[in-house]
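Novice: Mind looking at a prediction? Sequence and model below.
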Amino acid sequence: MELRNITYRYNPLLERKEVYLEIDHSSEGSTPSRIAVRDALAEHFGVDPACVVVRKVETMTGTMLARVEAHIYDRPETARLVEPEHILRKNELLPEEGKAHA
């Protein structure tokens, strides 16, 4: 998985970087998961994966390129306050409902 055309802007009000990029996933074949993209972005920017929220991963038709929209927060607490619950669940940043606690 290769990250390309990374552009971002910092939003000081929400304490986050709003990141847009393309991923070449021809080596994997299928569209990468949000978790794989989140880990790759965390490594690229040198931040904790809990601060990275992947909003969208969309493969362009007929290609092995996916467009990604993500937010990288200064603190994980801010991400939990700002992002919608369903996006946090997709990024595995909230516990699953209905599972028994040990």
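Specialist: Arrived safely, thanks for sending.
Novice: Buried residues of stretch 51-59, list them for me.
Specialist: C51, V52, V53, V54, R55, V57 (16 or more other C-beta atoms under 10 Å). To be clear about C-beta, it is placed using only N, CA and C from the backbone, and glycine gets the same treatment.
Novice: Closest to T7 out of the residues you listed?
Specialist: R55 (14.7 Å; C-beta to C-beta).
Novice: what's the closest non-adjacent residue to that closest one?
Specialist: In space, not counting the residues next to it along the chain, R55 is nearest to E69; the distance is 4.4 Å by C-beta to C-beta, 6 or more residues apart in numbering.
Novice: R4 is in contact with L21, correct?
Specialist: Yes: here L21 lies in contact with R4, judged by C-beta atoms under 8 Å, at a distance of 6.6 Å.
Novice: Looking at the two, which is more packed in?
Specialist: Set L21 next to R4 and count neighbours by other C-beta atoms under 10 Å: L21 wins out with 19 against 9.
Novice: Quick check, pLDDT for the residue nearest to that one when sequence neighbours are not counted.
Specialist: Once its chain neighbours are removed from consideration, L21 has its nearest residue in I6; the separation is 4.4 Å (C-beta to C-beta, 6+ apart). pLDDT for I6: 88.
Novice: related to what we said a few turns ago, let me know whether my guess that the residue nearest to R55 is in a strand holds.
Specialist: Yes: counting by DSSP: H, G, I helix; E, B strand; the rest coil, E69 is part of a strand.
Novice: which residues of this protein fall in strands?
Specialist: 2-11, 16-24, 52-59, 65-73 (DSSP state E).
Novice: closest to R38 out of those?
Specialist: Among the strands of the chain, strand 52-59 comes nearest to R38, with 4.7 Å by C-beta to C-beta.
Novice: before we move on, the earlier item: go through the strands of the chain and name the closest to S33.
Specialist: For those, proximity to S33 was assessed by C-beta to C-beta; strand 52-59 is nearest, at 7.9 Å.
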